[in-house]
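> show me the folded form of this:
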Amino acid sequence: MTALRARTLRLPLEVLVFAVGVSSLGAEIAAARLMAPFFGASTVIWANTIAVVLVALSVGYRVGGRLADRRPRVEALAGLVLLASVLLAVVPLVAHPFLSLSVKAFDTLSAGAFLSSLFGVLVLVAVPVLLLGAVSPWATRLRIVEVARAGEVAGRLYAISTAGSLAGTFLAALVLIPGVGTQRTFLILAAIPALAAAVALRPRWLVVPGVLLAALALPVGTVKPAEMGRVLYETETPYQYARVVQMPDGSRRLELNEGQAIHSLWKPGTVLTNAYWDGYLVLPFTVAPRPPGRIAVLGTAGGTVARAYAKYFPDTRIDAVDIDGRLFEIGRRWFGLEPRPQLREFAEDARPFLRRTPERYDSIFVDAYRQPYIPFYLATKEFFSIARERLRPGGSVIVNVGHPVGSDTLEKALSATLGKVFAHVARDPIVPTNTMLIASDAPISSSSMLGAAMPSDLGPLAAGQRIEPALRGGEVFTDDRAPVEWLIDTSIVRYAAGEAGG
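Residues are numbered from 1 along each chain as shown. The predicted model follows:
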């Protein structure tokens, strides 16, 4: 009788284990995307997400083994999966208050509140993942008929679970998130194991996956309301969450992921921003008397710099590079990025682009961020060596370095790294939270800007740039060791501690 019962349950259990595998690892990918609009998508966030999921699965394995011995019935297992599915479906809904609290904590740079709120969000994901983790050992207990075959049964079921996890990873990352968005991804990932569990129960339980699938028709609404201004547009690209916010003065901002930084800025009636983007218009003149003939903008976003060059230096040929091609579309729709013969768009990662391009540039602008981090591979001696090879004689590399007010640790490191590649490095502390670093084999001088051939209305802007010697004392970054995230996290915590102490 026991063997007969095992054979009849074989297909539902195999399917259930696979479906749970799809959901558990797919939820990890979706959880990282759920938090990206608020915290970003740095390695720190990924490390926390992966760690919590692994802990939840480990605890789930332990709990599942105990429950399996106490209640070795497929109905009890299927009921657990249905509960986990419902909890997974409501994660993006109940997480919002925690995320909002975390954003406020980050705004005020209260490190303790930020970390505790982040942990709270991860726990929301951990609870359903823990329950899903209980499935494999429980299913193993149900499938074992003979002790002599226990190893074979356990190995097969865990292999099926791992295969499901692999499928869920690619399904979430390549199909669901870019296709239907993060919130609906959670619903689909919840419905998959719910459907498998309902098949193992009575037909009336099919209502649970039915409700979850029906919820896909509900409007998502604004993922993250703007605290100031009005959200004109928001989308989830294959790489990040992006939104356009219109401020009360009519200006537009492009915010990515956590929204703590402005990645592009549009102001009605002018291409000037009164921010660090304006520096890219005049700083090339610190090494050359004429406008650059060709530039590469690494980290174009919505095209603030490209738009300004179209007005002031229309003959300059621009290679606009951004890993996220959807941002070019946003730039054309909301930020005045007009197609023209002098502008070429490349939806590529900056370093592979620079490595393969045959072009030579008068200036290369580096403005690529996954806020608050510069990608480490765009901050190393090897990267700047590639950039130097792509410059024409006397060309320059200009790097935007974002940092907390009063923090210069990252700037020192980048200055030291540039100094290993270029003969001359200088700095322009253009705004309190941004410093522009200029590197070239040609001498760098602010006086050369005053006699340069630039439009007259850029004269006051050039005169206001304070070109200073590069800061000393930084660590040289290499591809092997470039602790960008650690330096920035340390700066933020120190700044937060100073604010709390003050």
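> looks to me like Gly394 is in a strand.
Yes: assessed with DSSP: H, G, I helix; E, B strand; the rest coil, Gly394 lies in a strand.
> burial of it, as a residue count?
Number of residues near Gly394 (other CB atoms under 10 Å) recorded here: 12. Every residue, glycine included, has its C-beta placed from N, CA and C.
> looking at the nearest residue to it once chain neighbours are set aside now. What's its pLDDT?
Distance criterion CB to CB, 6 or more residues apart in numbering; nearest residue to Gly394, sequence neighbours excluded, is Ala442 at 4.2 Å. Per-residue pLDDT puts Ala442 at 96.
> what is the burial count for Ala442?
Neighbour tally, Ala442, other CB under 10 Å: 17.
> please report the distance of it from Gln465.
When distance is defined by CB to CB, to the nearest Å, Ala442 is 17 Å away from Gln465.
> residues of stretch 404-421 that come out buried?
By neighbour count with 16 or more other CB atoms under 10 Å, stretch 404-421 contains the buried residues 404, 407-419, 421.
> ok, which stretches of the stretch 301-450 of the chain are helices?
Under the criterion DSSP state H, counting those that start in this stretch, helices of the stretch 301-450 of the chain are mapped to 304-312, 326-334, 350-356, 381-389, 409-419, 447-450.
> which residues sit against stretch 157-164?
With contacts defined as CB atoms under 8 Å, 6 or more residues apart in numbering, stretch 157-164 is touched by 13-14, 17-22, 25, 135-136, 139-140, 143.
> now, which of these sits nearest Ala191?
Lowest distance from Ala191 to these (CB to CB) belongs to Ala19, with 9.6 Å.
> domains in the chain, as residue ranges please.
Following automatic domain parsing, one gets these domains for the chain: 2-217, 269-501.
> so where's the stretch 401-502 of the chain shaky on pLDDT?
Judged by pLDDT under 70, the stretch 401-502 of the chain has its weakly predicted residues at 451, 464, 489, 491-502.
> in stretch 190-209, what's buried?
With burial defined by 16+ other CB under 10 Å, the residues of stretch 190-209 counted as buried are 190-201, 205, 208-209.
> name the residues that touch that stretch?
9, 12-13, 15-16, 18-20, 22-23, 74-75, 77-79, 81-82, 84-86, 88-89, 128, 132, 212-213.
> all strands for this structure, in order.
For the chain, applying DSSP state E gives strands covering 230-236, 241-246, 252-256, 264-266, 294-298, 317-321, 343-346, 361-366, 391-402, 424-431, 434-440, 468-469.
> need these in CSV (columns: distance to Leu124).
Output for the strands of the chain, formatted as CSV (distance: least, CB to CB, whole Å):
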stretch, distance to Leu124
strand 230-236, 20
strand 241-246, 18
strand 252-256, 23
strand 264-266, 32
strand 294-298, 37
strand 317-321, 37
strand 343-346, 39
strand 361-366, 37
strand 391-402, 30
strand 424-431, 37
strand 434-440, 35
strand 468-469, 47
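> tell me which helix or strand of the protein sits lowest on mean pLDDT?
The weakest-scoring helix or strand in the chain, judged by mean pLDDT, DSSP states H and E, is helix 484-501 (a mean of 61).
> out of the contacts of stretch 157-164, which are buried?
Taking 16+ other CB under 10 Å as the criterion, what is buried in the contacts of stretch 157-164 is 13-14, 17-22, 25, 135-136, 139-140, 143.
> which two of those have the greatest separation?
Comparing all pairs in these by CB to CB, the longest separation belongs to Leu25 and Arg143, at 21.8 Å.
> surely Ile364 meets Leu298?
Yes: when contacts are counted by CB atoms under 8 Å, Ile364 is listed as touching Leu298 (6.7 Å).
> who touches both of those two?
Both Ile364 and Leu298 are in contact with Leu354, where contact means CB under 8 Å, 6+ apart.
> which of the helices of the stretch 301-450 of the chain sits closest to Ala30?
Using CB to CB, the helices of the stretch 301-450 of the chain put helix 326-334 closest to Ala30, at 19.0 Å.
> now that closest one, how far from the chain's geometric center?
Distance of helix 326-334 from its chain centroid, counting by CA atoms, centre = their mean, to the nearest Å, is 18 Å.
> same for that helix, what does it pack against?
With contacts defined as 3 or more CB pairs under 8 Å, 6 or more residues apart in numbering; DSSP states H and E, the packing partners of helix 326-334 are strand 230-236, strand 241-246, strand 252-256, strand 264-266.
> can you lay out these as JSON lines showing mean pLDDT, distance to Gly394 and mean neighbour count?
Conversion of the helices and strands packed on helix 326-334 to JSON lines gives the following (pLDDT from 0 to 100; distance: least, CB to CB, whole Å; neighbours: other CB atoms under 10 Å):
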{"stretch": "strand 230-236", "mean pLDDT": "89", "distance to Gly394": "41", "mean neighbour count": "16"}
{"stretch": "strand 241-246", "mean pLDDT": "91", "distance to Gly394": "37", "mean neighbour count": "23"}
{"stretch": "strand 252-256", "mean pLDDT": "92", "distance to Gly394": "33", "mean neighbour count": "24"}
{"stretch": "strand 264-266", "mean pLDDT": "95", "distance to Gly394": "29", "mean neighbour count": "24"}
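> now those strands in JSON lines, with distance to Ala56?
Formatted as JSON lines, the helices and strands packed on helix 326-334 follow (distance: least, CB to CB, whole Å):
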{"stretch": "strand 230-236", "distance to Ala56": "25"}
{"stretch": "strand 241-246", "distance to Ala56": "24"}
{"stretch": "strand 252-256", "distance to Ala56": "29"}
{"stretch": "strand 264-266", "distance to Ala56": "38"}
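> between the ones you listed, which gets nearest to Arg481?
strand 252-256 (27.1 Å).
> and that closest one, C-alpha only, in PDB?
C-alpha atoms of strand 252-256 as PDB (Å, rounded to 0.1, in the frame of the first residue of the first chain):
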ATOM      1  CA  ARG A 252      13.100  67.300 -15.000                       C
ATOM      2  CA  ARG A 253      15.300  64.800 -13.200                       C
ATOM      3  CA  LEU A 254      16.300  61.300 -14.200                       C
ATOM      4  CA  GLU A 255      16.600  59.100 -11.200                       C
ATOM      5  CA  LEU A 256      17.900  55.600 -11.200                       C
END
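> quick one: work out the angle between it and helix 326-334.
Counting by axes from the mean of the first three to the mean of the last three CA atoms, to 10 degrees, strand 252-256 lies at 160 degrees to helix 326-334.
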